[in-house]
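In: Starting from these lines, generate the structure:
(chains A and B)
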There are 2 protein chains.
Amino acid sequence: MNRIITISRQFGSGGREFGRRLAQELGFEYYDKQIISEIAKKTSMSEEYIQEVIERKPHSLYPISFGHTFIYIDNYYPVHQANDIYIEQNRIIKEMAEKSDCVIIGRCADYILKDYDPFRIFVYADIQARLNRCKQRAPEDENLTDKELVKKINKIDKGRSQYYEYYTGLNWGDMNNYDLCLNTSKGNIKELVKITARLFK
Amino acid sequence: MNRIITISRQFGSGGREFGRRLAQELGFEYYDKQIISEIAKKTSMSEEYIQEVIERKPHSLYPISFGHTFIYIDNYYPVHQANDIYIEQNRIIKEMAEKSDCVIIGRCADYILKDYDPFRIFVYADIQARLNRCKQRAPEDENLTDKELVKKINKIDKGRSQYYEYYTGLNWGDMNNYDLCLNTSKGNIKELVKITARLFK
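Out: Predicted coordinates:
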């Protein structure tokens, strides 16, 4: 069986950099945004739309009732489309796992591949470290205050968490769902890659 | 400054074995039960009593009132004695950290030594793995059913958690309070020791 490493990560923790470097160090395939492109190819949806859908919990198309009041939700994604995407994502991720040793970023891969016994890593950092990282990497025309940036970070993570919980029934970021949880607040990603790689050499 | 590694651990996860092996591998001092003996020497309390006190949250000496009813708590430890022990523990742990590179098991050392920038590890495992480990290591005359053993494991961890939270104001087992969280469910303690050691070599 191929060796599969899945990386779940808090936004701004450097989990993607960690995964990319780890794959490089090990000579494993690396899958990240490629998963989105593959889904786009197989469905009639755009990459941008898919990216948005898979980072938040789907809502029902139907109005929700609270007592005798009906509430319509703005900004929702139809549950059937989200499910179609999830099914496609499921198929593509399994195909990738069948092909060769690999590192897969996000996308519930830890859960989708549970029968493949993946090594499941969660990468996190304290909010100050994530804020600093996001500021360093922000596009030039993004002028968010620290407060706005923290709000954005928390919103993205909330979306990831809800999406994960919706499809897996598990708590995103609960250490019991991972084999190794790495705190990158001290900025030691390269070092953490080196030691983690030794588990696979 | 000396290199300090603190190990917090779920009961039955093998955190103590991990810590002992890590200290051995690195040639660091190893502190575990020795902390209790030192506290016993400095106070007029027995090691057994201290062991019990530091694994649960202290209660007030005074009766608690619920509405108009006063309730007396059985099996409590006076808060002032618990505090005396905590203060002594605090002093001893700092003394240990001043002496040399070391690995310290439990006892809120991660929090007590926060100004020493310790590398904080949390060792955990799923309940089945912890149950198996406890059964393998149970004294011959202990005949607990699996259900009773799980209850015992959870009770001990609840006590540790409450004690930690009482004195630190932080959540025990919350990954944000640790640099590295290691899941030992796969029985790979020796391997995890080897890779962790590389962070200090």
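In: what's in contact with the longest helix along chain A?
Out: Secondary structure of chain A per DSSP state H: the longest helix is helix A:146-168. For helix A:146-168, contacts defined as CB atoms under 8 Å, 6 or more residues apart in numbering or on different chains pick out A:8, A:10-12, A:54-58, A:86, A:106, A:108, A:111, A:127, A:130-131, A:134-135, A:138, A:144, A:170-173. Using the backbone N, CA and C atoms, a C-beta is placed for each residue, glycine as well.
In: Among the residues you listed, name the buried ones.
Out: A:8, A:10-12, A:54-58, A:86, A:106, A:108, A:111, A:127, A:130-131, A:134, A:172-173 (16 or more other CB atoms under 10 Å in any protein chain shown).
In: among these, which are in reach of chain B?
Out: Restricting the buried ones among the contacts of helix A:146-168 to those within reach of chain B (CB under 8 Å from any CB of the partner chain) leaves residue A:173.
In: Next, check the buried ones among the contacts of helix A:146-168 against the strands and list the overlap.
Out: Those of the buried ones among the contacts of helix A:146-168 mapping onto strands are residue A:8, per DSSP state E.
In: Can you get me the start-to-end distance on stretch A:113-126?
Out: End-to-end distance of stretch A:113-126 (CA to CA, to the nearest Å): 28 Å.
In: Is that stretch in proximity to chain B?
Out: Yes: counting by CB under 8 Å from any CB, chain B has neighbours in stretch A:113-126: A:122, A:124, A:126.
In: Are any of those buried, and if so which?
Out: By neighbour count, with 16+ other CB under 10 Å, the residues of stretch A:113-126 next to chain B hold A:122, A:124 as buried.
In: Close to chain B: what parts of chain A are there?
Out: Going by CB under 8 Å from any CB, the residues of chain A near chain B are A:122, A:124, A:126, A:173, A:175-176, A:178-183, A:185-186, A:191, A:194-196, A:198-199.
In: What's the ChimeraX syntax to select whichever of those are buried?
Out: The following ChimeraX line selects those of the residues of chain A next to chain B that are buried, judged by 16+ other CB under 10 Å:
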select /A:122,124,173,175,178,179,180,181,182,183,185,194,195,196,199
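In: What about the residues of chain A next to chain B, which are in helices?
Out: Using DSSP H, the subset of the residues of chain A next to chain B located in helices is A:191, A:194, A:195, A:196.
In: wait, isn't the third one in contact with residue B:199?
Out: Yes: taking CB atoms under 8 Å as the contact criterion, residue A:195 and residue B:199 are neighbours in contact, 5.8 Å apart.
In: Taking chain A, what residue is nearest to chain B?
Out: Per CB to the nearest CB, residue A:181 is where chain A lies closest to chain B, at 3.6 Å.
In: Could you give the bridge partners of that residue?
Out: residue A:122, residue B:181 (DSSP bridges).
In: Touching, it and residue B:181? I think so.
Out: Yes: with contacts counted by CB under 8 Å, residue A:181 reaches residue B:181, the gap being 3.6 Å.
In: Please enumerate the shared neighbours of the two.
Out: By CB under 8 Å, 6+ apart, residue A:181 and residue B:181 have these common neighbours: A:175, B:175.
In: Contacts only, for residue A:86.
Out: Shown in contact with residue A:86 (CB under 8 Å, 6+ apart): A:54, A:108, A:167.
In: Distance check, the second one against residue B:185.
Out: From residue A:108 across to residue B:185, the span is 20 Å (CB to CB, to the nearest Å).
In: show me what contacts the residue most central in space within chain A?
Out: Closest residue to the average C-alpha location of chain A: residue A:106 at 2.9 Å, with CA atoms, centre = their mean. Taking CB under 8 Å, 6+ apart, we find residue A:106 in contact with A:7, A:8, A:9, A:32, A:160.
In: Need the phi and psi values for the fourth one.
Out: Just to be clear, that refers to residue A:32. phi -140, psi -100 (degrees, to the nearest 10).
In: Just to check, residue A:35 is in contact with residue A:94?
Out: No: at 11.4 Å, residue A:35 does not count as touching residue A:94 under the criterion of CB under 8 Å.
In: So which of the two has more stuff around it?
Out: residue A:35 (21 against 15; other CB atoms under 10 Å in any protein chain shown).
In: Could you list every helix and strand in contact with whichever strand or helix holds that one?
Out: For residue A:35, the host element (DSSP states H and E) is helix A:34-42. When contacts are defined as 3 or more CB pairs under 8 Å, 6 or more residues apart in numbering or on different chains; DSSP states H and E, helix A:34-42 sits against helix A:47-53, helix A:79-99.
In: from the chain's centre, how far out does the longest one sit?
Out: Taking CA atoms, centre = their mean, to the nearest Å, one finds helix A:79-99 lying 14 Å from the centre of the chain it belongs to.
In: Looking at the residue lying closest to residue A:124 once chain neighbours are set aside now. What's its pLDDT?
Out: What sits nearest to residue A:124 in space, not counting adjacent residues and going by CB to CB, 6 or more residues apart in numbering or on different chains, is residue A:10, at 4.6 Å. Confidence at residue A:10, expressed as pLDDT, is 97.
In: Check residue A:50 too.
Out: 86.
In: number of nearby residues for it?
Out: With other CB under 10 Å as criterion, residue A:50 counts 22.
In: Contact partners for it?
Out: Contacts of residue A:50 by CB under 8 Å, 6+ apart are A:36, A:39, A:40, A:43, A:85.
In: Would you format these as CSV with neighbour count included?
Out: Formatted as CSV, the contacts of residue A:50 follow (neighbours: other CB atoms under 10 Å in any protein chain shown):
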residue, neighbour count
A:36, 21
A:39, 24
A:40, 18
A:43, 15
A:85, 22
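In: Show me which pair in the residues you listed is furthest apart.
Out: Greatest spatial distance among the contacts of residue A:50 (CB to CB): A:36 and A:43, at 10.7 Å.
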